[in-house]
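A.B. asks: Fold the following.
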Amino acid sequence: MSGKKNRIRAFDECVEEHLKENPGEIGEFIETALEEYEKDRDETALLMALRQAAKANGGMTALARKTNLSRESLYKTLSPSGNPRLKNLLLILESFGYSLSFKPIKSAR
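C.D. replies: Numbering: from 1, shown residues only. Okay, here's the model as predicted:
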């Protein structure tokens, strides 16, 4: 075995790398994350997806410029324990070209 240190890449790093190499897929990635959130209400997974998309799309500095929020605020907001204000979530979604919309819930009649 050579002197090189074996490194196992984290899933986050793989997703970010894929999105950096395929920026056209960021929108679909966000849409899928929002659809999954609608089904399972896993806030941590949604925030992680938004964080991965942000890192792949210029990083938190670029997102801070687009949203007029501080980098520190964004890191806190998109952390696994984040609890974003609706206003901040809207700014983040808008930075990716999305809006928050409401639709009727399909009844099970």
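A.B. asks: Does residue 37 touch residue 43 like I think?
C.D. replies: Yes - contact criterion C-beta atoms under 8 Å: residue 37 and residue 43 qualify, at 7.3 Å. Placement of C-beta: from N, CA and C, glycine included.
A.B. asks: Show me the contact partners of stretch 18-27.
C.D. replies: If you take C-beta atoms under 8 Å, 6 or more residues apart in numbering as the criterion, stretch 18-27 is touched by 29, 52, 53, 56, 57, 96, 97, 98.
A.B. asks: List the buried residues for the host helix or strand of the first one?
C.D. replies: Yep, that's residue 29 we're talking about. Taking DSSP states H and E as the definition, residue 29 sits inside helix 26-40. Applying a neighbour-count criterion of 16 or more other C-beta atoms under 10 Å, one finds 26, 29, 30, 33 buried in helix 26-40.
A.B. asks: pLDDT below threshold where in this protein?
C.D. replies: Scanning the chain with the threshold set as pLDDT under 70 gives 1-7, 108-109.
A.B. asks: Over to residue 91: give its phi and psi.
C.D. replies: Here is the backbone geometry of residue 91 (degrees, to the nearest 10): phi -60, psi -40.
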